[in-house]
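Attaching a predicted model along with its sequence, questions to come.
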Amino acid sequence: MNKQWDLSILYNGFDDPALKADMSALDLAIAEVISAAENCNSLSAEQLLLDYIDKSTRLSSLAEKLFIYANLRYSANTADTEAASMMGVLMGKLSATAAPSAAIDKAISKIENIEEIIEQNDLLKEHSYRLLSIVKNSKHLLSDAEEELFSQMNISGASAWSDLQSSLTSSLKVDYKGEQITLSTVRNLAYDPDPEVRKAAFEAELAAYPKIESSVAFALNSIKLQVINEASRRGYESPLAKALDNSAMKQETLDALLTAMKEYMPAFRKYLRAKAKALGHEGGLPWYDLFAPMGKSESKYTTEDARDYLLGIFGKFDIELHDMVKDAFDNAWIDFFPREGKVGGAFDCAVHSAGQSRVLTNFDGSFSDIVTLAHELGHSFHDRQVYKNSPLNREYSMPVAETASTFNEVLVMNTAIAECEDKETKIALIESQLMDATQIIVDIYSRYLFEASVFANRPQEFLSPERMCALMLDAQRQAYGDGLDESCMHPYMWLCKGHYYSGGLSFYNYPYAFGGLFARGIYAKYLEEGKPFVETYKQMLRATGTSTVEDAAKVCGIDLTDVNFWRAGLASIAKQIDEFCKLVKC
């Protein structure tokens, strides 16, 4: 089986004639958008809308294909200077479309009878959600000159700072037991069955961060200040309000989610204390044992083992999911293993031009790595559903982006637990699921609190690395409470998590909690309705490209503003916590 992904579905290198042809086509598409902006006020309303769909489809398809190739090359090797250069070139080219795109959006927003016009044309009806969203969001548009300036400055601003964080963390050398290893490698040791390895790896990880803390703190300070200034200039109440608007999600939904999460924090602390006691600790759990495997967890898995395990489970759920996952393993969709220069963590990237995805992981052979693969391939399955939409209707918002991925996790883990008869193995499976649930509920809550505190404090002060660490520790205390050993927390979680380092995607934390609990609610529907629900599930995933998160949920009969929906999902986790405590007798 392959170790690295195959990107030839895009291009065969930066000297590929096809890439050069697409770069030329991109220049032409950009010129067409600029020309369309100059002529938009002379067109009839229907012609304007149809022209927008045509020009936007061509531009987005070309830009996406080119940028995806460069980004995937760079993620696999941050020392790839050609990839970094190409991303810079592409951002520079696309910045020229900011002002004309804003002008076209403004012209669309001024169409008085737009809904009536849309209803009279099938192509316009197909894109009604996107077109009406332009009208809704028009109040946040700036002047053409300001839009262009923001776009140009972002290249040397938030985008550059984000690249710096990625480069520094992926190339950081960690001194561990007499040798130098990558940050992603040492962080993977948190799952090692040997407690001495986990502790030594954690200490080595923390000791490495001061080498780059000042540079990364500069990056985070700069990105967040840019976001604050832009949100204010566009008339948003706050960066969170902008994030929710971009997410097509109501504040009422977030409030209901956070209310339920906070109510159930004591249950998660009970789990953490029980795990601590089972591992021989008094009081709360030290951070280095958060991911300690329990029960019969000494097994190591190959990528072939992972493939066979996932196919066995997914085949019982849906043949389309099964076949897609088989294709991913057999045809080099996945870049599996950690190496120097490769970014940490894991992600899925939709390759719309090929109707496929590419998945990056840092596979180390643990069962958790199999669950990570299930998670990322859930994203791929979501992508597969929206491929059925037109190119402009394939983009979905942050909250629902984590739905199919966490549904896969629930499907895999619940199936494995239900089929398990050995007590020690069952402990390992349940604890693994609770460990992941703690990350998407408790740790995500701490990340939400941290990011909110950074936004609250950044206008008044430059946040030093020490201040960042203090804010992170405070957020962890509020979320984890006495479930953690207060003398052994992780002050540098702000530095190693790339989700904080985006100028256009703030608060990329609550979507994980949303996705995790939403997935549990959907899974409950599946258990209740059986096989017929699978098609409803797919319809809901497809609807995420053409509706708000609340309306997409309604496809499955779910009201996201009802706090009881979120409580039900958390109650199912609390029930597992009680079972875990009985199994380990704590």
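Happy to help now that I have it.

How many residues are close by residue 139?
If you count neighbours by other CB atoms under 10 Å, residue 139 ends up with 10. (Each C-beta comes from the backbone N, C-alpha and C, glycine too.)

Compute the distance between the nearest residue to it once chain neighbours are set aside and residue 138, please.
Closest residue to residue 139 apart from its sequence neighbours, by CB to CB, 6 or more residues apart in numbering: residue 235 at 6.5 Å. From residue 235 across to residue 138, the span is 11 Å (CB to CB, to the nearest Å).

do residue 369 as well
Relative to residue 138, and taking CB to CB, residue 369 is found at 45 Å.

Can you list the low-confidence ranges for the stretch 1-150 of the chain?
Judged against pLDDT under 70, the stretch 1-150 of the chain has no low-scoring part.

now the helices for it?
With helices called from DSSP state H, counting those that start in this stretch, the stretch 1-150 of the chain shows them at 17-39, 45-76, 81-95, 98-109, 114-119, 122-126, 128-137, 144-156.

element containing residue 169?
According to DSSP states H and E, residue 169 maps onto helix 158-171.

Same check on residue 181?
Per DSSP H and E: residue 181 is located in strand 179-182.

Just the buried positions in that strand, please.
In terms of neighbour count (16 or more other CB atoms under 10 Å), strand 179-182 has its buried residues at 181-182.

what's in contact with that strand?
Strand 179-182 has contacts (CB atoms under 8 Å, 6 or more residues apart in numbering) with 170, 172-174, 338-340, 342, 344.

Please list the outside residues in contact with the helix holding residue 169.
78-79, 84, 87, 91, 182-184, 212, 215-216, 218-220, 222-223, 226-227, 340-344, 495-496, 498, 501-504.

picking that back up, so for residue 369 and residue 138, which sits in the more crowded spot?
Neighbours around residue 369 and residue 138, counted as other CB under 10 Å, are more numerous at residue 369. The numbers are 21 against 15.

ok, how many other residues are close to the closest residue to that one other than its chain neighbours?
Excluding its sequence neighbours, the residue lying closest to residue 369 (CB to CB, 6+ apart) is residue 363, at 4.8 Å. Per other CB under 10 Å, the neighbour tally for residue 363 reads 22.

So the nearest residue to residue 9 once chain neighbours are set aside versus residue 513, what's the distance?
Of all residues beyond its chain neighbours, the one nearest residue 9 is residue 354 (4.3 Å), with distances taken as CB to CB, 6+ apart. Per CB to CB, residue 354 is found 32 Å from residue 513.

Give me the more crowded residue out of those two.
residue 513 (30 against 14).

doesn't residue 445 make contact with that one?
Yes: counting by CB atoms under 8 Å, residue 513 touches residue 445, with 7.1 Å between them.

So for those two, which residues contact both of them?
In terms of CB under 8 Å, 6+ apart, residue 513 and residue 445 are both contacted by the residues residue 261.

Surely residue 75 and residue 345 touch.
No: in terms of CB under 8 Å, residue 75 does not count as a neighbour of residue 345; the distance is 9.8 Å.

Looking at these two, which is more packed in?
A side-by-side neighbour count of residue 75 and residue 345, using other CB under 10 Å, places residue 75 first with 22 against 16.

Tell me who's in contact with the more buried one.
If you count contacts by CB under 8 Å, 6+ apart, residue 75 has them with 342-343, 347, 360.

redo that, cut-off 10 Å
Taking CB atoms under 10 Å, 6 or more residues apart in numbering, we find residue 75 in contact with 5, 83, 166, 170, 335, 341-343, 345, 347, 349, 358, 360.

picking that back up, which of the contacts of strand 179-182 fall in helices?
residue 170 (DSSP state H).
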